[in-house]
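Trainee: Fold the following for me, if possible:
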Amino acid sequence: MTLCPIALLAGCKKCPVFSVCPLKGFIGDYRKEGKTQTAQKADKKNK
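Mentor: Next comes the predicted model:
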């Protein structure tokens, strides 16, 4: 769930404090690309 007002409007990557934000994965919409890619590969293998 996205709680950060900046993440709701523009997204985490467009935020001016993105590089130093410790909570971007918890209250923002930021997802690590490694986890996303791994999940996509697992989905393809399961089909």
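Trainee: Pick out the residue nearest the middle of the chain.
Mentor: Nearest to the mean C-alpha position of the chain, counting by C-alpha atoms, centre = their mean, stands Y30 at 1.8 Å.
Trainee: Surely that one and S19 touch.
Mentor: No: between Y30 and S19 there is no contact under C-beta atoms under 8 Å: 11.1 Å. In this view, the C-beta of every residue, glycine as well, is placed from N, C-alpha and C.
Trainee: picking that back up, in contact with the residue nearest to the centre of the chain, which residues are there?
Mentor: A7, C12, K13, F18, K24 (C-beta atoms under 8 Å, 6 or more residues apart in numbering).
Trainee: Kindly report the same for K13.
Mentor: Residues in contact with K13 (C-beta under 8 Å, 6+ apart) are Y30.
Trainee: So that it lines up with my notes, have the first residue be 55 from now on.
Mentor: From this message on, residue numbering opens at 55, which makes the last subject K67.
Trainee: Quick check: phi and psi at it.
Mentor: Recorded main-chain torsions at K67 are phi -70, psi -20, according to degrees, to the nearest 10.
Trainee: Give me the number of neighbouring residues for I60.
Mentor: 19 (other C-beta atoms under 10 Å).
Trainee: Apologies, that question was intended for C66.
Mentor: 20.
Trainee: quick one: it and M55, what's the gap?
Mentor: In this view, C66 and M55 are 14 Å apart by C-beta to C-beta, to the nearest Å.
Trainee: Kindly report the same for F80.
Mentor: Taking C-beta to C-beta, one finds F80 at 9 Å from M55.
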